[in-house]
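**Student:** return atomic coordinates for the entry below.
(one chain, ligands or ions: 1)
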Amino acid sequence: MKRILIVEDDGSLREALTAFLKTENFEVVSASDGKEGFRLASQEKMDLIILDLGLPLMGGLDVCKGLRDKRIMTPIIMLTGEKKEEIDKILGLEFGADDYVTKPFGMKELLARVKAVLRRLKPDAIEIEEYSFGDVSVNFKKQTASKGKQELYLTAKEFSLLKFLIIHEGEVVSRNAILNEVWGYDRFPTTRTIDTFVHNLRQKIEDKPSQPAHLITVPWSGYKFQK
Ligand code: CA
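**Tutor:** This next block holds a predicted model:
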């Protein structure tokens, strides 16, 4: 079940959204101010955040920017007014929301946005441009990588796999989740394929591939990336 955080100070709207999304089979957590919303979004695993722009204690834009600064890339749908400058700002790189809905809106409209954003939640849709760990630097946009002074040659699938693991840094991801998210349903490799890919990736990025420091095997569960 997907978990949605609603951050909205208008009590009746918050309750209506909560009730509606529950009937649509989402697990809903809510907060009535920006500070509490930020705390929940930072500390608990959410699949999506519905974030009001005007909030007490900490505004919606600050929440959004604060999360992105902490590399928390949970998709965010902002609830906004109709001002164009506001909307441009929200979707801009600095704040990094994924979508917005202008108030007043219908529940069906919001639901359509929620579903669309969750569908897009594939590693390729999440924008991490550059990332470094140990002496490895990766630029996902340019599809280049290096380790120390040496250039690394990763295949497109290796980039996608690495990105997926990085997005879920510190979490155990199952082989099935990797299959679904990185390979999608268009091909049918076995879970063994994943192991082979991880093995190859380790040869490229780890100092000691047989004792990996970053791409960790979690017995019976899957893999975990640690920085
Ligand atoms: Ca408000």
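**Student:** any idea which residue of the chain lies closest to the ion?
**Tutor:** Gly54 (3.9 Å; CB to the ion). Every C-beta, even on glycine, is put in place using the N, C-alpha and C of the backbone.
**Student:** okay, now the domains of this structure?
**Tutor:** 3-121, 128-225 (automatic domain parsing).
**Student:** the residue of the chain closest to the ion: how many residues sit nearby?
**Tutor:** Using other CB atoms under 10 Å, Gly54 has 15 other residues around it.
**Student:** so what's the spatially closest residue to it that is not a sequence neighbour up against?
**Tutor:** Spatial nearest neighbour of Gly54, excluding adjacent residues (CB to CB, 6 or more residues apart in numbering): Gly60 at 6.8 Å. By CB atoms under 8 Å, 6 or more residues apart in numbering, the contact set of Gly60 is Val7, Gly34, Leu51, Asp52, Leu53, Gly54, Met78, Leu79.
**Student:** so which of those residues are in helices?
**Tutor:** Gly34 (DSSP state H).
**Student:** for the contacts of Gly60, which one is nearest Leu165?
**Tutor:** For these, the minimum distance to Leu165 (CB to CB) is 26.7 Å, reached by Leu51.
**Student:** what pLDDT does that closest one get?
**Tutor:** The model reports Leu51 with a pLDDT of 96.
**Student:** residues near Lys204, how many?
**Tutor:** Lys204 - counted by other CB under 10 Å - has 17 other residues nearby.
**Student:** start the count at 45 instead of 1 going forward.
**Tutor:** Okay, using 45 as the starting number, the last item reads as Lys248.
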